[in-house]
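Asks: Provide a 3D model corresponding to the input given below.
(one chain, ligands or ions: 1)
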Amino acid sequence: MLMIPGPTPVPEQVLLALAKHPIGHRSGDFSKIMAEVTANLKWLHQTQNDVLMLTVSGTGAMEAGIINFLSPGDRILVGSNGKFGDRWAEVGQAYGLDVVKIEAEWGHPLDPEKFRAQLEADTGKQIKAVVVTHSETSTGVINDLETINRHVKAHGEALIIVDAVTSLGAVNLPIDEWGLDVVGSGSQKGYMIPPGLGFVSVSAKAWEAYKTAKLPRFYLDLGKYRKDAAKNTTPFTPPVNLIVGLQAALKMMQAEGLESIFKRHDRLKRATQEAVKALGLPLYAAEGAGSPAITAVAPTGVDAEQVRAVMKKQFDIVLAGGQDHLKGKIFRIGHLGFVSDRDILAAIGSLEATLVELGYEGFTPGAGVAAAARVFAKG
Ligand SMILES: *Cc1c(COP(=O)(O)O)cnc(C)c1O
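Replies: Numbering: from 1, shown residues only. The predicted structure is shown next:
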């Protein structure tokens, strides 16, 4: 049972769709699937913008989202409060961009005021893009994208480029309503399908920037994907089976409805947080800043890696560890994608049994399950 922030669990309908023989990617049958999937991706993204599919992981989608719209030496602001924010700064540096990091301590959300200050001071319009990680998976923190984006809009020139890898399909992200230019995501997170597909949505304003952008691009040249998407095809061989799986997953999402999907993730988050608190374990994310996709726990009185080991060995539940300097200091409970209330009860019950086994004494057995049950009872 995967309770990590990707790959996430895959429903049976999707597994069965994945089990079919591959079909030719230049066939009429495949074009029909592409047309349906593209329309449903726009629904999921709440946008009329292009939503392009690439055979890459989330990082590839974000790299494409950055390099297609910028030129060497361009200044970009990059929000940095965890591993993924830092990664986009590294991508910018690798391509010779002038990267200015806007930092917050890990576990805390980015401060929109710091973005406002930099953007307002930029009267010469040197800042060409602002890159923000919406849900910072490494720390379990959700950033206030809506407010940061308002400051970007007030600047007028800069593009807003969003890492939505663990927020798309988990929390409301109205691309058109907010005017988000570029939004990247990956199949193994909120999409309920295995790893291998990356998604990038691109606004008209970003396509304008594309025309004059001079960074090198070939496989990740989004213009190629746009041109072919208009004909319901792709420039290179796509992972046809994954796209058939995606077709099934999008149907399930439409049956559930966006509003219900977001409510479910919010409920899973609250139940997990309340349960963890009831067990006397500190949450890593600052109060009120927890991500709907993942809850990070910084245990005291019990070793994070031992918790993960017993959860895996005895209960067959995989939790994520900490990354970089958080290795061994935190464990993370993923509740993104195909996850139900029952899964959370199973995970919390197993976590309690794990704590008993490890001799942790800071809690009353049953308190975590009871706290989660109270959240579920209220809805
Ligand atoms: C998983 C993830 C990514 C992408 O990672 P890949 O391993 O390249 O798929 C990017 N950003 C965030 C916030 C993520 O959680």
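Asks: Which single residue in the protein comes nearest to the ligand?
Replies: The nearest approach of the chain to the ligand comes at G58, 2.7 Å away (Cβ to the nearest ligand atom). C-betas here are computed from N, CA, C, even on glycine.
Asks: so that residue makes contact with Y191?
Replies: No - counting by Cβ atoms under 8 Å, G58 does not reach Y191; the two are 10.6 Å apart.
Asks: shared neighbours of the two, anything?
Replies: Residues touching both G58 and Y191 by Cβ atoms under 8 Å, 6 or more residues apart in numbering: S185.
Asks: Dihedrals phi and psi, V132?
Replies: phi -130, psi 130 (degrees, to the nearest 10).
Asks: Likewise for V131?
Replies: Taking degrees, to the nearest 10 as the convention, V131 sits at phi -110, psi 120.
Asks: contacting residues around it?
Replies: Taking Cβ under 8 Å, 6+ apart, we find V131 in contact with 66, 76-79, 85, 88, 92, 161-163.
Asks: Make TSV out of those and add distance to the ligand and neighbour count.
Replies: As requested, the contacts of V131 are arranged in TSV below (distance: Cβ to the nearest ligand atom, whole Å; neighbours: other Cβ atoms under 10 Å):
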residue	distance to the ligand	neighbour count
I66	12	26
I76	17	25
L77	17	27
V78	13	26
G79	11	31
G85	8	26
W88	8	26
G92	15	25
I161	12	25
V162	10	29
D163	5	32
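Asks: ok, which pair from those residues is furthest apart?
Replies: Pairwise distances across the contacts of V131 peak at 14.8 Å for G92 and V162 (criterion: Cβ to Cβ).
Asks: picking that back up, and G58 and Y191? which has more neighbours close in?
Replies: Y191 (29 against 25; other Cβ atoms under 10 Å).
Asks: And the chain, split by domain according to the record?
Replies: Listed by automatic domain parsing, the domain ranges of the chain are 10-255, 258-378.
Asks: Skip the chain neighbours and tell me the closest residue to F331.
Replies: The shortest distance from F331 to any non-neighbouring residue, by Cβ to Cβ, 6 or more residues apart in numbering, is to A304 (4.6 Å).
Asks: Then A17?
Replies: Nearest to A17 is A248, by Cβ to Cβ, 6+ apart, at 4.0 Å.
Asks: for the longest helix seen in the chain, packing partners?
Replies: For the chain, the helix that runs over the most residues, judged by DSSP state H, is helix 258-278. Counting contacts by 3 or more Cβ pairs under 8 Å, 6 or more residues apart in numbering; DSSP states H and E, helix 258-278 packs against strand 294-297, helix 341-357, helix 367-378.
Asks: any chance of the ones you listed in TSV, with mean pLDDT, mean neighbour count and distance to K205 too?
Replies: As requested, the helices and strands packed on helix 258-278 are arranged in TSV below (pLDDT from 0 to 100; neighbours: other Cβ atoms under 10 Å; distance: least, Cβ to Cβ, whole Å):
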stretch	mean pLDDT	mean neighbour count	distance to K205
strand 294-297	98	28	31
helix 341-357	98	19	40
helix 367-378	97	17	41
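Asks: Tabulate these (JSON lines), appending distance to the ligand.
Replies: Below are these laid out as JSON lines (distance: least, Cβ to the nearest ligand atom, whole Å):
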{"stretch": "strand 294-297", "distance to the ligand": "8"}
{"stretch": "helix 341-357", "distance to the ligand": "19"}
{"stretch": "helix 367-378", "distance to the ligand": "24"}
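Asks: Can you pull the residues of the stretch 1-150 of the chain lying near the ligand?
Replies: 5-6, 57-59, 84, 133, 135, 137 (Cβ under 6 Å from any ligand atom).
Asks: Now find how far off-centre stretch 161-174 is within its chain.
Replies: 6 Å (Cα atoms, centre = their mean, to the nearest Å).
Asks: Restrict it to CA atoms and write it as CSV.
Replies: Taking Å, rounded to 0.1, in the frame of the first residue of the first chain, the C-alpha atoms of stretch 161-174 are listed here in CSV:
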residue,chain,number,x,y,z
ILE,A,161,5.3,29.3,-13.9
VAL,A,162,3.8,26.8,-11.4
ASP,A,163,5.0,23.5,-10.2
ALA,A,164,1.6,21.9,-9.5
VAL,A,165,3.0,18.3,-9.4
THR,A,166,1.3,17.5,-6.1
SER,A,167,-1.4,20.1,-6.2
LEU,A,168,-3.1,19.4,-9.5
GLY,A,169,-6.1,17.1,-8.9
ALA,A,170,-5.8,17.6,-5.1
VAL,A,171,-6.6,21.3,-4.5
ASN,A,172,-8.4,24.0,-6.4
LEU,A,173,-6.1,25.4,-9.1
PRO,A,174,-8.3,27.5,-11.4
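Asks: Alright, I will stop here.
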